[in-house]
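Participant: Next comes the sequence, and after it the predicted model I'd like to discuss.
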Amino acid sequence: MDTFAADLLDWFYTHRADLPWRRERDPYHVWLSEVMLQQTQVGTVVGYYERFLARFPTLAALAAAPLGDVLKVWEGLGYYSRARNLHRAAQIVVAEYDGELPRTAAELQRLPGIGRYTAGAVASIAFGQNVPVLDGNVIRVLTRLYNIEEDISQQGTRRRLWALAESLVPADRAGDYNEALMELGRLICRPRRPQCDRCPLRQHCQAYREGLQEQRPVRRRRPRTPHYDVAAGVIYGTGSNASRILIAQRPVDGVLGGLWEFPGGKQEAGETLPETLARELEEELGIMVEVGEPVVRVKHAFTHFRITLHAYECRHTGGRPVKRGVADFAWVTLAEMANYAFGKADRQIIAALLERPRQLL
DNA sequence: AACACGGGGCA
DNA sequence: TGCCCAGTGTT
């Protein structure tokens, strides 16, 4: 079982995928790619990565940009705190590290948005430090190689896996080794139907030997997520705001923090959706509306709950908006909405509005 | 230690 | 369509 590292590296050097962040080893590029790859698959990341670097070519350019611009490029990628932390960390690097990313995992981990995984990845890949990484791919490969039966959602199991990963990092080429381990997990040692017949580590794999590879890793089952109905208003203004629509910016902490939305909220027991909408708009923005026709219904899944978002056309009938439950608000045309960052669900409302020849109200 | 945080892939 | 996936920060 000893040294699978040599077999792994041989495989990697012949099968290594050509990805944009692998063309050079610029620390800023490695960092950006690793942050984007958190919780997000390679195929999704590539386009975002290229657009992001085209817009913010250097760490200094990122640090100098307004957060709204960063969120706009991040729009649709999810987990928007990653973008906020990346932006804040870039500003810290410029202010406190003379614009150069620190070179050790320990120093990197002090920056916002950089935990043990990202610190290990950047330190080993960009700076050649001899440190491990442990992400979902590595966990899967290691629990199969060593046929680990412990529940990986347990803290103690994670700690032991980190220790195991650390003990396995080869004395040189840690960056290549770490990338190879994750690449193997992504392409061969996949969650379902692993491609063991193509795996360079088959001879080293204890779970394969027992035919248990598909039973690893062991994970506690998650409880079902609840479902909510949410009402959202497409609120048309009057007078000087005629043909403009009211949008609101969400508070920076919490779900979709800092993103823009069609204001509204969660339906409560015994309420019709138009009643929900009227109540929420009064609570959050202090405005009165006449609720009109439904525009579209959008289903969306978050980690801990699912929502059905019901969009209604509304007419603003009274009260100047105030920032009560929102970070900001704006009256904008449909075309101007392209300049604001929205979540996926609200983007679908915009798409529905764009498909219609004209507003009904 | 437990929970919050988006969106995509796959059967 | 329902289920699975998963780093970091906060509390």
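Facilitator: Looks like it arrived, so ask away.

Participant: Quick one: residues contacting residue A:281.
Facilitator: Under the criterion of C-beta atoms under 8 Å, 6 or more residues apart in numbering, the contact partners of residue A:281 comprise A:233, A:235, A:263-264, A:287-289, A:314. (C-beta placed from N, C-alpha, C; glycine too.)

Participant: Secondary structure class of the closest residue to DNA strand B within chain A, three-state.
Facilitator: Per C-beta to the nearest atom of the strand, residue A:78 is where chain A lies closest to DNA strand B, at 3.0 Å. Secondary structure for residue A:78, judged by DSSP: H, G, I helix; E, B strand; the rest coil, is coil.

Participant: cool, and residue A:94?
Facilitator: Going by three-state DSSP: residue A:94 is helix.

Participant: so how far is residue A:68 from the closest residue in space to residue A:251 that isn't next to it in sequence?
Facilitator: Nearest residue to residue A:251, sequence neighbours excluded (C-beta to C-beta, 6 or more residues apart in numbering): residue A:327, at 5.2 Å. If you measure residue A:327 against residue A:68 using C-beta to C-beta, to the nearest Å, the figure is 11 Å.

Participant: Now do the shared contacts for the two.
Facilitator: With C-beta under 8 Å, 6+ apart, residue A:327 and residue A:68 have common neighbours residue A:258.

Participant: got the contact list for the residue in the stretch 151-300 of chain A positioned nearest to DNA strand C?
Facilitator: Relative to DNA strand C, the nearest point of the stretch 151-300 of chain A is residue A:191 (4.3 Å; C-beta to the nearest atom of the strand). Residues in contact with residue A:191 (C-beta under 8 Å, 6+ apart) are residue A:140.

Participant: Would you mind pulling the contact partners of the strand or helix carrying residue A:35?
Facilitator: Using DSSP states H and E, residue A:35 falls within helix A:27-37. Contacts with helix A:27-37, where a contact means C-beta under 8 Å, 6+ apart, come from A:19-21, A:45, A:48-49, A:52-53, A:58-59, A:62, A:77, A:82, A:85-86, A:100-101, A:113-114, A:117-118, A:121-122, A:125-127.

Participant: hmm, back to that, any chance of the contacts of residue A:281 in TSV with secondary structure, pLDDT and distance to DNA strand C as columns?
Facilitator: Listed next are the contacts of residue A:281 as TSV, based on DSSP: H, G, I helix; E, B strand; the rest coil; pLDDT from 0 to 100; distance: C-beta to the nearest atom of the strand, whole Å:
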residue	secondary structure	pLDDT	distance to DNA strand C
A:233	strand	96	25
A:235	strand	97	28
A:263	coil	95	23
A:264	strand	94	22
A:287	coil	97	29
A:288	strand	97	33
A:289	strand	97	30
A:314	strand	97	27
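
Participant: Identify the farthest-apart pair in those.
Facilitator: Greatest spatial distance among those (C-beta to C-beta): A:264 and A:288, at 14.5 Å.

Participant: Of those two, give the one with the bigger neighbour count.
Facilitator: Neighbours per residue, other C-beta atoms under 10 Å: of residue A:264 and residue A:288, the larger number sits with residue A:264, 27 against 14.

Participant: Next up, the contacts around that one.
Facilitator: By C-beta under 8 Å, 6+ apart, the contact set of residue A:264 is A:230-233, A:276-277, A:280-281.

Participant: Could you turn the buried ones of these into a PyMOL selection?
Facilitator: Buried residues within those, by 16 or more other C-beta atoms under 10 Å, are selected in PyMOL with:
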select buried, chain A and resi 230+231+232+233+276+277+280+281
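
Participant: Where strands are concerned, which of the contacts of residue A:264 count?
Facilitator: A:230-233 (DSSP state E).

Participant: Lowest-confidence entry in those residues?
Facilitator: Scanning the ones in strands among the contacts of residue A:264 for pLDDT, the low point is residue A:230. It has 91.
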